[in-house]
Structure formats: structure tokens, C-alpha cells
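K.L.:
what follows is a predicted structure for the sequence shown.
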Amino acid sequence: MTFTVSAFYKFSRVKDCESLRADLAALGEREGLCGTILIAPEGINATIAGPDAGVRALLAHLKSDPRFARLVSKESVTETQPFQRWKVKVKPEILTFGAAEADPNVRAGAYVKPQEWNALIAREDVLLIDTRNDYEVAIGTFRGAVDPKTRAFTGFKDFVAANLDPSTHRTVAMFCTGGIRCEKASAYLRAHGFEDVYHLEGGILKYLEEVPAEQSLWDGACFVFDERVAVSHGVQPSGHRLCRCGWPVAPGGAVCSSCGASVT
């Protein structure tokens, strides 16, 4: 048996969080899904897995709602269920950042499709920023990208304050795993005076899904938050393992490069 893995999010005003939670929780139970859906007044964020028909049923149900009609699903197939339980939760934010002005419903940056991304980041006037955390960047990133060296996404605000200036960095392009962090990061930059702000639509996962390896400017693997640990081109498991400290260990590696522990 194979399982379809779907990662998606959509920023949209949600006033009926609790009723939407109950609706999706019941649907997922009926369809045999596992994974997590987060709901907040700012939108929805999820990574789920299950029988393909079940995933299609949930996506179709969401897209029938005008608020989520343009939701984009990043997908792959795996032979094992990467999640253990089905969880649908209501949270204050679908992605914790702690800055009210970082509202993608008001001022997100411009989307760039995967097929157009290479041309953008090849420009000399573009500052390319990886908005992910240090343990994610360590195993893969786009060539020439700046690493903010954060341990949590909330630290991105400090990185901006210490390193970026809208009068100097006039054109900024950002990317993350599935696109959601860049929605908030781009809205934050625009709220603080940066005008030309771009982000990769669908994130690294959509890029790896759609851009052939021979045309790719991606080096390494992309960390994912499930039992696959990381994926490579074609959104195929890369063979990384996870140390107890949370750091990904390369295929064939026996020692964690972060804490030095043996990984078996």
C-alpha cells in the first residue's frame, strides 16, 4: 500500500475556527488520514498523509470553501505512513512568529513560480535568503543563499534588524520548505520598508517536485517534519536520519555533526 503525503496552507480570514476543526477532524477520521491540521483566525496549515482517495476527499472539501479555493497542495508518495495520529487543532497562529504586522492577508510579497525561480535568483541585484532554521539549512539550500542561522522562526526578526536595510537591500527573494514561513517573512519585510520582496510559490517542496534535477539550483536535501526526515529531487526520501538532539544526519553517517552522538 502507498500513502499520499500532502502539505498545504492558506492564509485567509477564519471566524469559525472551532466548527471548522470539528468538520475536518470528522472527515479525516472517516478517510483514514494521519497528520496535523492547524487552524487559526489567520488561516490553515497542514501536512497530512493517507490513502490517495482520502487525501483527495479532504482537499476537495476544503477547496469547495471560497476561503480555501486557491489552496495549493505539495505532494509526494511514500510506502509507509509518516505520521502516527490524526490531529486537528485551533491555535492563535498557524505559524508562530509574534509580529502582528507580519500579516500575509494584508501585505505578502510577490509569488514566483518554480519555473521562474532560477532566473530571479541569478540576478546580481537580488539578495537571496533562506528563512529556515540552521539544522534545515545544514543539509541543503539554494546556491548563494544567505543563512540567517536561526534556531526558531521567531529569530528571523532579530536577523532582519541586525543585517538588512531597505535602502541597501532593494530586492529580496526568500524561500522555505512549503512557502508558509516566507508568507509571514515577506509581509514582515514589507511592513518594515522593503518594497521589492519575492518568495518561492509552494516552497522548496514544489520546486523539487516540478523542476528537473538537471535544471535545478538546489544543492542537498530538504528537511521535512515527518518520519522521512528529508527529501531530495522528485520529493523522494533522501535517506537522512534524525539524531536525538533533532539534527539531521546524512545517509551513511554514524555521528551527529551537531552534538557528536552516535547515530545507529
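P.N.:
Cool, the structure landed.

K.L.:
now the helix ranked longest in the chain: buried residues?
P.N.:
For the chain, the longest helix by residue count, based on DSSP state H, is helix 17-31. Neighbour-count burial for helix 17-31, with 16 or more other CB atoms under 10 Å as criterion, is recorded at 20-21, 24-25, 27-28, 31. Heads up, the C-betas are built off the backbone N, CA and C, glycines and all.

K.L.:
tabulate those residues in CSV, adding columns for distance to residue 221 and pLDDT.
P.N.:
Shown next, in CSV, are those (distance: CB to CB, whole Å; pLDDT from 0 to 100):
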residue, distance to residue 221, pLDDT
20, 34, 98
21, 33, 98
24, 30, 98
25, 32, 98
27, 32, 98
28, 29, 98
31, 30, 98
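
K.L.:
nearest to residue 258 among these?
P.N.:
residue 28 (34.6 Å; CB to CB).

K.L.:
follow-up on the earlier one: helices or strands next to the longest helix of the chain in the packing?
P.N.:
Applying 3 or more CB pairs under 8 Å, 6 or more residues apart in numbering; DSSP states H and E, one finds that helix 17-31 makes contact with strand 34-40, strand 43-50, helix 52-63, strand 86-90.

K.L.:
tell me the most buried of these?
P.N.:
Among the helices and strands packed on helix 17-31, strand 43-50 has the highest mean neighbour count (mean count of other CB atoms under 10 Å), at a mean of 24.

K.L.:
can you list contacts of that one?
P.N.:
Taking CB atoms under 8 Å, 6 or more residues apart in numbering as the criterion, the residues outside strand 43-50 that touch it are 3-14, 20, 28, 31-38, 55, 58, 62, 68, 71, 78, 81-83, 94-95, 104-105, 178, 180, 224-226.

K.L.:
and that strand, average pLDDT?
P.N.:
Taken as a whole, strand 43-50 has an average pLDDT of 96.

K.L.:
CA atoms only: put it into PDB for me.
P.N.:
Taking Å, rounded to 0.1, in the frame of the first residue of the first chain, the C-alpha atoms of strand 43-50 are listed here in PDB:
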ATOM      1  CA  GLY A  43      -5.800  30.600   8.000                       C
ATOM      2  CA  ILE A  44      -5.000  26.900   7.900                       C
ATOM      3  CA  ASN A  45      -1.700  25.000   7.800                       C
ATOM      4  CA  ALA A  46      -1.300  21.200   7.400                       C
ATOM      5  CA  THR A  47       0.700  18.200   6.500                       C
ATOM      6  CA  ILE A  48      -1.300  15.000   6.200                       C
ATOM      7  CA  ALA A  49      -1.000  11.500   4.800                       C
ATOM      8  CA  GLY A  50      -3.200   8.600   4.000                       C
END
